[in-house]
Structures are given as C-alpha cells and as structure tokens.
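[1] Starting from these lines, generate the structure:
(one chain, ligands or ions: 2)
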Amino acid sequence: MNIHTDKIGCLFDLDGVLVDTAVYHYKAWKALANRLGFDFTEAQNEHLKGVNRMRSLEMILDWGGVSKTEAEMLELAASKNAEYVEMISKMTADEVLPGTLQLLEQLKAAGIKIALGSASKNSGMILERTNLAHYFDAIIDGNHVNASKPDPEVFLKGAEALGLEPAHCIVFEDAQAGVQAAINGGMKVIGVGKQNNLKGANMVIKDLSEISVSQIIDLVNDKA
Ligand code: BG6
Ligand code: MG
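    Numbering: from 1, shown residues only. Ligands and ions are numbered 1, 2, ... in the order given. Just a heads-up that it's a prediction; the model follows:
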C-alpha cells in the first residue's frame with residue numbers, strides 16, 4: 001500500500017537547488033583566496049558545495065597552503081560573508097531556479113510537506129528576497145545545526161520538524177556532500193545537476209522542472 005501523501009516530506013537544499021546562489025558563494029570565496037595570493041578551480045569549488053562556512057574556509061586555506069590562527073579565520077570568514085551578503089541582498093524572485101515554483105505549488109496541492117535543509121546561515125534573507133519563505137512547513141539551516149554535511153543532522157532535524165520518518169522523506173541536493181548526508185540519514189535523494197558530482201543519488205535531474213509529484217511518490221514507495 002502506498003504511503004499517504006501527508007506522511008511524505010520533501011527536504012530541499014537551498015543554494016544551487018532552489019536559487020542560483022552557488023555562483024555567489026564561488027565568487028566571494030575566489031575573491032578572498034585571490035586577496036590571500038592564490039586561486040582555486042571550479043572543480044575544487046565543487047567540494048565546497050553544501051559544506052558550512054568555517055569548513056569551507058579550512059579547505060580553501062589548505063589548497064593555498066596558507067595557515068591562519070583561529071581569530072584570523074573568523075575575520076576571513078566574516079569578510080567573505082560580508083561580500084556574499086552584499087550580493088544576495090540584491091537578489092530578486094527572478095533568481096529562483098527553473099521548475100521550483102511549479103514543484104512547490106504541486107507539492108502543496110498534494111499535501112506533501114516541505115522543509116528546507118541548508119547549511120547556510122543566510123537562508124532567511126535569501127528566502128525573503130526571492131519570495132519563497134511561505135512555502136516551507138519547517139526551515140532548518142546553518143543556524144540550527146552543528147555538524148556540516150555529509151553529516152545527516154540538518155536533514156534528520158528537518159524530518160523531525162515535519163513529524164515524519166526519514167525513510168518517508170526525499171532530499172533534493174546539488175552537492176556530493178549533501179547527497180551523502182541524505183544517504184547517511186536513511187533518506188532517498190534526488191540530485192540536481194550533473195551525475196558525476198552526485199554519486200549515490202537515486203535519480204539525477206538537470207533542474208526541478210524535470211520531476212513530478214507522481215515520480216516523487218513512486219520514489220518514496222520504491223516504485224521508481
Ligand atoms: C551551503 C553552500 O548551502 O551553505 C556552501 O552550498 C556554503 O557553499 C554553506 O558555504 C554556508 O553558507 P553561509 O551562507 O552560511 O556562509
Ligand atoms: Mg547546495
């Protein structure tokens with residue numbers, strides 16, 4: 001028998017899944033690395049996706065062979081964030097990625113619960129600027145968790161906030177770390193982006209316009 005739709009949850013990553021902020025993170029980190037006298041590639045940047053701010057900084061400093069004190073690291077993270085916030089404070093609803101609004105509307109109409117599961121501490125501003133906030137039954141972001149993806153904390157807290165079993169939840173992710181977090185949490189996962197950056201996902205789509213509510217229901221029920 002099929003799981004009733006009100007027992008199914010969709011947990012959405014934010015940056016790179018619902019909105020095109022991944023490019024702003026990249027720009028701000030790259031500018032910081034350049035100020036420190038080095039650069040990193042787009043391929044390296046893939047490894048930063050889904051990873052929280054301080055862990056991202058550690059990885060970048062490591063790539064540049066630069067070592068900083070704890071206090072200096074906090075300052076560097078704050079300066080990257082200031083530049084990033086400057087960019088996202090100008091965002092508009094036009095930056096919502098293709099298929100997002102349609103899918104969120106269809107999930108609501110089907111009675112499927114919706115949560116945010118993001119590493120970002122800036123999700124509040126982004127959801128407000130892009131008019132997405134009202135779709136969410138629960139919002140779990142970097143302000144609510146300690147562990148960075150691939151730890152499943154953010155998604156387990158999302159499922160809990162929705163009052164649902166992890167196995168009845170589907171995660172939407174654009175980052176390998178996030179795919180792994182979903183798997184670690186015992187959830188199904190739909191990768192958004194390119195297959196080779198999303199290993200282990202149950203299904204990979206280019207963007208949210210490529211998935212329907214009936215496919216989501218089938219996936220939760222192991223019929224996909
Ligand atoms: C994730 C991004 O969603 O949020 C990462 O993929 C980012 O690139 C992380 O580092 C933390 O974001 P913020 O906004 O708290 O610095
Ligand atoms: Mg992401």
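
[2] what kind of secondary structure is I114 in?
    strand (DSSP: H, G, I helix; E, B strand; the rest coil).

[3] tell me the contacts of it?
    When contacts are counted by Cβ atoms under 8 Å, 6 or more residues apart in numbering, I114 touches G9, C10, F12, L104, L107, K108, Y135, F136, D137. C-betas here are computed from N, CA, C, even on glycine.

[4] before we move on, what about D137?
    Neighbour list for D137: K113, I114, A115, A161, L162 [criterion: Cβ under 8 Å, 6+ apart].

[5] one step back: buried ones from the contacts of I114, can you make that a ChimeraX selection?
    Applying 16 or more other Cβ atoms under 10 Å to the contacts of I114, the buried members can be selected in ChimeraX as follows:
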select :9,10,12,104,107,135,136,137
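
[6] quick one on the thing from earlier: turn the contacts of D137 into a markdown table, columns for distance to I88 and pLDDT.
    Shown next, in a markdown table, are those (distance: Cβ to Cβ, whole Å; pLDDT from 0 to 100):
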| residue | distance to I88 | pLDDT |
| --- | --- | --- |
| K113 | 26 | 98 |
| I114 | 21 | 98 |
| A115 | 21 | 98 |
| A161 | 24 | 98 |
| L162 | 26 | 98 |
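
[7] So of those, which two are at opposite extremes in space?
    Greatest spacing in the contacts of D137, by Cβ to Cβ: I114 and A161 (11.0 Å).

[8] packing partners for the longest helix along the chain?
    In the chain, taking DSSP state H as the definition, the longest helix is helix 70-88. When contacts are defined as 3 or more Cβ pairs under 8 Å, 6 or more residues apart in numbering; DSSP states H and E, helix 70-88 sits against helix 22-35, helix 53-64, helix 123-129.
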